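Colleague: Everything below, folded, please.
(chains A and B)
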Amino acid sequence: MTVQLSPLPTDHHLALLGVEPVIFHCHHYNVVLQQSIEDVATQFPVGSIEHDGAAIVAHHQLSHAFEGTDRGDRLPFAAEYFRLRGFGLLDLGGLTDQGGTVSLRNSHYALGFKTRGVQRDAPACKFACGYVAGALAAAHDLPAGSFRATETSCVARGDDGCRISVERLPTPAELAEPVGLGAVPEPMPPRPAPVPSHIDEQAIAAGVSSLPLAGNEEGLLPAFGVYLTQHYANYYNHLSAGTEKLIRDKAPSLAAAVAEVLGAAGHVCAFNTFGGIMKSPEWYGLVAPMLRESSDWIYGIVAVANCFGWGRWTVMELVEGERLVVRVDASYESNYALAAHGVGDYPTCHLVRGGVAGLMNLLYVGDIKQKPTLDQAYYDEIFSGPESFQAVETKCRSKGDDYCEFVATRRSW
Amino acid sequence: MSTEEILARVRAHYPGARLHFVLARLQLRVGHSFEDPSQLPNTPEFNATLRRAVRELCPEVDLEPAR
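Modeller: Numbers count the residues shown, from 1 in each chain, chains lettered A, B, ... in the order given. This is a model prediction of the structure:
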């Protein structure tokens, strides 16, 4: 049995694998987001938010996929799914309905921390632990919170391998209900007329969708100078929205701080993934022939972003070197926030906010056209300079607007 | 070194957006906003928590007392 892409109308610019939306993100974003959650966890009771978030989405997706299948086929399928999404190689052969041990090779998260030069004291593979717990529960038709997985050794802290111990809980933990696709606008609003450009978005969409973006035999998905994952959108959402809500409830004076770190993760993502794409042979083969003006670089990368499952982006205004306004319909962050928490009084699309600012910084503070080396020094130069761009989410579906809107301008420090 | 001195060293070390990011992480690590420094706990425990967070997140910031 194979997991099928659901027939979601393509104008939502979302992607489903089974009943869960999936999106592409790089190891930089994955690592920085996890670090942000771990910062919060030093003072606030986030609990096992990464483990539980992963267990919820994996269980939701796989329990649907496993309906009517032989039990013997299920865990091999779960390991293969994990590999194809770029998370690494799981050996689930040591698991029973009581738990057991798992080895994990080429862990995306462990590799991500090491690649970013972060030496950890604690294990890194929290997503993998939750995934294993959720998958094992789904494989035995048990509730999502039936198992607790703990990483006992991890390459990211210098151990010789990543190993996970799984135990069956006497009473299943109560986990949040999955939201699946979330509160997607239905019907999808007609797309507003974008600013005219030389970019053929449909050609780019066709080209990007033909790229072989799947994990290799090593369980990794190297592309555009980063390690990609085709991750669960709602894993990110569970972490970001859950942590922000916790902070706003427990320490409202830190609301700006948590929004800052979540937006910064989007900054880092834009720098490395968008930057890597705009330097790649694929970009020069597919998009570069359409580029006539500097502004076309923005329209081109927005067309690529529209293939990542993040929702539908439209450039509404671009004043070169000064201002960018992007509208996003069905952003994956707002789809979740609305479904999980209802209409609130603050915007929630931090990834897009950081990403929109990042585009302007790559093009108008740095010069991505010159194919610079995308290292920490260059990051600091273009994102922390005196005229770097910042973005504000001026409208958000999470607070009752019809769509999400982001305005990036230069900010004097 | 006082809490104010530690924060002054951090502020002096980083430019613009990087400083905002670093300060945000530090605030989350210590569980207090730096918006109004007069509201920060004036205790050795808080000072030690802040020093530890700065050492971990900003190892390039010199926390040695001025000679």
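Colleague: which residue ranges form the strands in the stretch 301-413 of chain A?
Modeller: Using DSSP state E, counting those that start in this stretch, the strands found in the stretch 301-413 of chain A span residues A:312-319, A:323-329, A:389-395, A:404-410.
Colleague: can you redo these as a markdown table with mean neighbour count, mean pLDDT and distance to chain B?
Modeller: Quick note: C-beta positions are derived from backbone N, CA and C, even for glycine. A markdown table is the format used below for these (neighbours: other CB atoms under 10 Å in any protein chain shown; pLDDT from 0 to 100; distance: least, CB to the nearest CB, whole Å):
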| stretch | mean neighbour count | mean pLDDT | distance to chain B |
| --- | --- | --- | --- |
| strand A:312-319 | 18 | 96 | 21 |
| strand A:323-329 | 22 | 97 | 16 |
| strand A:389-395 | 21 | 97 | 7 |
| strand A:404-410 | 21 | 97 | 11 |
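Colleague: can you dump the C-alpha coordinates of stretch A:104-115 into PDB?
Modeller: Output of stretch A:104-115 as PDB, limited to C-alpha atoms (Å, rounded to 0.1, in the frame of the first residue of the first chain):
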ATOM      1  CA  LEU A 104      19.000   5.500  13.500                       C
ATOM      2  CA  ARG A 105      21.700   6.200  10.900                       C
ATOM      3  CA  ASN A 106      22.300   9.400   9.100                       C
ATOM      4  CA  SER A 107      19.900  11.300  11.200                       C
ATOM      5  CA  HIS A 108      18.900  14.600   9.600                       C
ATOM      6  CA  TYR A 109      18.700  16.400  12.900                       C
ATOM      7  CA  ALA A 110      22.000  15.100  14.200                       C
ATOM      8  CA  LEU A 111      23.700  15.900  10.900                       C
ATOM      9  CA  GLY A 112      22.000  19.300  10.900                       C
ATOM     10  CA  PHE A 113      23.300  20.300  14.300                       C
ATOM     11  CA  LYS A 114      26.800  19.100  13.500                       C
ATOM     12  CA  THR A 115      26.800  20.800  10.100                       C
END
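Colleague: buried ones in it?
Modeller: Within stretch A:104-115, the residues that count as buried by 16 or more other CB atoms under 10 Å in any protein chain shown are A:Leu104, A:Asn106, A:Ser107, A:His108, A:Tyr109, A:Ala110, A:Leu111, A:Gly112, A:Phe113, A:Lys114.
Colleague: where does chain B have low pLDDT?
Modeller: Residue ranges of chain B with pLDDT under 70: B:67.
Colleague: Residues of it that sit close to chain A?
Modeller: Listed as neighbours of chain A in chain B under the rule CB under 8 Å from any CB of the partner chain: B:14-21, B:23-25, B:27-33, B:35, B:53.
Colleague: how far away is A:Pro143 from A:Thr101?
Modeller: A:Pro143 is 22 Å from A:Thr101, where distance means CB to CB, to the nearest Å.
Colleague: residues near A:Cys67, how many?
Modeller: If you look again at residue A:67, you'll see it is Glu, not Cys. By the other CB atoms under 10 Å in any protein chain shown criterion, the neighbourhood of A:Glu67 contains 10 residues.
Colleague: Need the contact partners of the helix or strand encompassing A:Arg74.
Modeller: Using DSSP states H and E, A:Arg74 sits within helix A:71-84. With CB atoms under 8 Å, 6 or more residues apart in numbering or on different chains as the test, helix A:71-84 has contacts from A:1, A:3, A:58, A:62, A:65-66, A:69, A:88-93, A:95, A:128, A:131, A:135-136, A:138-140, A:214-215, A:219, A:230.
Colleague: Skip the chain neighbours and tell me the closest residue to residue 23.
Modeller: Just going to use chain A. Leaving out its chain neighbours, the residue that sits closest to A:Ile23 by CB to CB, 6 or more residues apart in numbering or on different chains is A:Gly309, at 4.0 Å.
Colleague: think we crossed wires, I meant chain B
Modeller: Using CB to CB, 6+ apart, the closest residue to B:Leu23 is B:Phe34 (6.1 Å).
Colleague: ditto for A:Ala144
Modeller: Leaving aside its sequence neighbours, A:Ala144 sits nearest to A:His59 (CB to CB, 6+ apart; 3.7 Å).
Colleague: Identify the residues contacting the one you found.
Modeller: Listed by CB under 8 Å, 6+ apart, the contact partners of A:His59 are A:Gly134, A:Ala135, A:Ala137, A:Ala138, A:Ala144, A:Pro178.
Colleague: Residue 64: what's it in contact with?
Modeller: You didn't pick a chain, so chain A it is. By CB under 8 Å, 6+ apart, the contact list for A:His64 reads A:Gly18, A:Val19.
Colleague: Would you verify that it is located in a helix?
Modeller: Yes. Applying DSSP: H, G, I helix; E, B strand; the rest coil, one finds A:His64 inside a helix.
Colleague: The stretch 251-400 of chain A against chain B: which residues are in contact?
Modeller: Contact residues (CB under 8 Å from any CB) of the stretch 251-400 of chain A with chain B: A:251, A:253-254, A:256-258, A:260-261, A:264, A:267, A:380, A:383-386, A:388, A:390.
Colleague: Show me how to select, in PyMOL, the buried members of these.
Modeller: Under the burial definition 16+ other CB under 10 Å, those of those that qualify are selected in PyMOL by:
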select buried, chain A and resi 251+254+257+258+260+261+264+267+383+384+385+388+390
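Colleague: Mind checking which of the residues of the stretch 251-400 of chain A next to chain B are in helices?
Modeller: Counting by DSSP state H, the part of these found in helices is A:Ala256, A:Ala257, A:Val258, A:Glu260, A:Val261, A:Ala264, A:His267, A:Asp380, A:Phe383.
Colleague: residue ranges for the helices of chain B, please.
Modeller: Using DSSP H, helices in chain B cover B:3-13, B:16-30, B:44-57.
Colleague: circling back: what backbone torsions are found at the residue nearest to A:Ala144?
Modeller: In terms of degrees, to the nearest 10, the main-chain angles of A:His59 are phi -60, psi -40.
Colleague: I'd like to know how far it sits from A:Leu239.
Modeller: Taken as CB to CB, the span from A:His59 to A:Leu239 is 17 Å.
Colleague: same deal with B:Pro59?
Modeller: For B:Pro59, the distance to A:Leu239 - CB to CB - is 26 Å.
Colleague: the more surrounded of these two?
Modeller: Between B:Pro59 and A:Leu239, counting by other CB under 10 Å, A:Leu239 is the more crowded of the two (24 against 9).
Colleague: Checking the more buried one next. Helix, strand or coil?
Modeller: Under three-state DSSP, the three-state class of A:Leu239 is helix.
Colleague: Within the helices and strands, which one has A:Ile164?
Modeller: strand A:162-168.
Colleague: So which elements touch that strand?
Modeller: strand A:99-105, helix A:126-139, strand A:147-153 (3 or more CB pairs under 8 Å, 6 or more residues apart in numbering or on different chains; DSSP states H and E).
Colleague: and the helix or strand following it, what does it pack onto?
Modeller: Next along the chain after strand A:162-168, taking DSSP H and E as the criterion, comes helix A:201-209. Packing contacts for helix A:201-209, counted by 3+ CB pairs under 8 Å, 6+ apart, involve helix A:281-286, helix A:294-305.
Colleague: And the shortest one, what's buried?
Modeller: By neighbour count on 16+ other CB under 10 Å, the buried set for helix A:281-286 is A:Glu282, A:Trp283, A:Leu286.
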